[in-house]
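the sequence isn't on hand, but the structure is:
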Ligand code: SF4
């Protein structure tokens, strides 16, 4: 475990520990406030993220930002966003289990340094790795489960919402559930 956030960032930016390093443009370490009480975790960088080195940019990132802003959360201020894998899988395929197994060490290290109270998994890939190997987004979204002292909730990935907008109301309700949970256990998230 690396005990300094900047050193961890430098290490991840130079990583070649799995095959995903071969096709990447930029490593996507994560973004946001490293003192946040809430972490948002997606699956891996897409094309825009790979080009810019930022998580959740492009259309799906804009949608995610809008949904988070709906409940007063912004990546600049009160959340930290990371992915299961830090380099883009080719053709936007799902990251493979062996890639996740290698890269998750960095996510664990980020979680250990940030020590969030709440983790939101955006989409199935993050939820099956972090919450429940049989996680079904359509059935289990919006529910909180405690794991190792952290409350975990899975919800729809914004890219999936762009494909199926009929799920947007359910996803917005998940954000409202999140807001309520934040007010219960880490209201300092909303402090100025
Ligand atoms: S995906 Fe993760 S483990 Fe693989 S090369 Fe990128 S940073 Fe390293």
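Done, it's in. Bear in mind that the values here come from a model prediction, so they are computed numbers and not experimental data.

residue numbers of this protein in contact with the ligand?
Taking Cβ under 6 Å from any ligand atom as the measure of proximity, the chain contacts the ligand at 12, 15-18, 20-21, 27, 85-87, 99, 102-103. Just so you know, the C-beta spots here come from the backbone N, C-alpha and C atoms, and that holds for glycine as well.

can I get these in TSV with pLDDT and neighbour count?
Putting the residues of the chain next to the ligand into TSV (pLDDT from 0 to 100; neighbours: other Cβ atoms under 10 Å) gives the following:
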residue	pLDDT	neighbour count
12	98	23
15	98	18
16	98	11
17	98	13
18	98	18
20	98	23
21	98	13
27	98	21
85	98	26
86	98	27
87	98	27
99	97	19
102	98	17
103	98	22
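
list phi and psi for the residue nearest the centre of the chain.
Taking Cα atoms, centre = their mean as the criterion, residue 41 is the residue nearest the geometric centre of the chain, at 1.3 Å. For residue 41, the backbone dihedrals (degrees, to the nearest 10) come out as phi -130, psi 120.

name the nearest residue to it, sequence neighbours excluded.
residue 126 (4.7 Å; Cβ to Cβ, 6 or more residues apart in numbering).

so the one you found makes contact with residue 84?
Yes. The pair residue 126 and residue 84 passes the contact test of Cβ atoms under 8 Å, sitting 5.5 Å apart.

those two - which one has more neighbours?
Here residue 126 and residue 84 are compared on neighbour count by other Cβ atoms under 10 Å; more neighbours surround residue 126, at 27 against 23.

can you pull the contacts of residue 11?
2, 106 (Cβ atoms under 8 Å, 6 or more residues apart in numbering).

sorry, wrong one. I was asking about residue 80.
Contacts of residue 80 were listed using Cβ under 8 Å, 6+ apart, and they are 30-34, 36, 38-40, 110, 114, 116.

could you rerun that using 10 Å?
Applying Cβ atoms under 10 Å, 6 or more residues apart in numbering, we find residue 80 in contact with 30-41, 55, 110-111, 113-114, 116, 119.
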